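In: No letters, just coordinates:
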């Protein structure tokens, strides 16, 4: 679907459904999502939803993307122009996981779940509907935010780390592969009921993350 070719009215209807799904997720949880429940909140019948989304899982990805709003907003505040690429990379993950670990099921489903292969396309479409959410970011960070694939999201930042001498070229691909996988593991533990607070899980992740950065020099 080419969002840019949709009329303003059709874009507005898509946004109504996305916001309705987000509202239901926030109040009842991701497992409570249903076509009927979302349609009722949006103010449309269930059949209308299928004019814009393939199925419930497809809409769930769009609604999950809205959970990145607070992360993107916080990231915009936390990233400062004088920062080095190494500092930015650390801030990106520190900020991301403070939000992801509070809503692990939603973030895990979005980036690593069964429907995550659709995320690159959904990401492009979502930011076409909500371009204001990207705000002003460094080009490499903007490129990262518009990548739906968790592994490819790291690539532009890691390229900067190599260029600035923080990571050896031969370690770049390893770092880009290991850090997202580590993130997946820590999210998966929370999804499966690991008895640890989001704050403690965040501290554990950052400790290993810092070790990997030091090793990659």
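Out: Right, received. Where do you want to start? Worth saying up front: this structure is predicted, and the values here are computed from it rather than measured.
In: Show me what the worst-scoring helix or strand of the chain on mean pLDDT is packed up against.
Out: The helix or strand of the chain with the lowest confidence, counting by mean pLDDT, DSSP states H and E, is helix 139-145 at a mean of 71. Where contact means 3 or more C-beta pairs under 8 Å, 6 or more residues apart in numbering; DSSP states H and E, helix 139-145 is packed against helix 68-78, helix 85-100, helix 150-163. The way it works is simple: take the backbone N, C-alpha and C, and place the C-beta from them, glycine included.
In: Low-confidence regions, this protein specifically.
Out: Residues of the chain meeting the criterion pLDDT under 70: 135-138, 140-141.
In: which residue lies farthest from the center of it?
Out: Computed with C-alpha atoms, centre = their mean, the residue of the chain farthest from its C-alpha average is residue 45, at 29.0 Å.
In: what's the burial count for the nearest residue to that residue once chain neighbours are set aside?
Out: Leaving aside its chain neighbours, residue 45 sits nearest to residue 39 (6.0 Å; criterion: C-beta to C-beta, 6 or more residues apart in numbering). Residue 39 is flanked by 19 other residues according to other C-beta atoms under 10 Å.
In: Show me the residue sitting in the middle of this protein in space.
Out: For the chain, the residue nearest the mean C-alpha position is residue 68 (5.4 Å; C-alpha atoms, centre = their mean).
In: give me every residue that touches that one.
Out: Residues near residue 68 by C-beta atoms under 8 Å, 6 or more residues apart in numbering: 99, 133, 145.
In: correct me, but the last one touches residue 139?
Out: What that stands for is residue 145. No - checked against C-beta atoms under 8 Å, the pair residue 145 and residue 139 is beyond contact range at 10.9 Å.
In: okay, the two: which has more neighbours?
Out: Counted by other C-beta under 10 Å, residue 145 and residue 139 do not tie: residue 145 has more neighbours, with 19 against 9.
In: tell me the contacts of that one?
Out: Contact analysis of residue 145 by C-beta under 8 Å, 6+ apart lists 68, 72, 127, 134, 137, 153.
In: burial count for residue 33?
Out: Residue 33: 18 surrounding residues under other C-beta under 10 Å.
In: my guess is residue 127 meets residue 134, correct?
Out: Yes - the criterion here is C-beta under 8 Å, and residue 127 meets it with residue 134 at 6.0 Å.
In: What residues sit buried inside stretch 191-202?
Out: Buried residues in stretch 191-202, counted by 16 or more other C-beta atoms under 10 Å: 198, 201-202.
In: Quick check: end-to-end length of it?
Out: One end of stretch 191-202 sits 14 Å from the other (C-alpha to C-alpha, to the nearest Å).
In: Centre of the chain to that stretch, how far?
Out: When distances are taken as C-alpha atoms, centre = their mean, to the nearest Å, stretch 191-202 is centred 19 Å away from the chain's centroid.
In: Can we start the residue count at 58 from this point?
Out: In the new count, where the first residue is 58, that last one comes out as stretch 248-259.
In: My read is that residue 208 contacts residue 233, right?
Out: Yes - shown here, residue 208 and residue 233 form a contact pair, counting by C-beta under 8 Å, at 6.3 Å.
In: so the closest residue to residue 179 other than its chain neighbours is in which element?
Out: Using C-beta to C-beta, 6+ apart and skipping the chain neighbours, the partner closest in space to residue 179 is residue 118 (4.7 Å). Using DSSP states H and E, residue 118 sits within helix 113-122.
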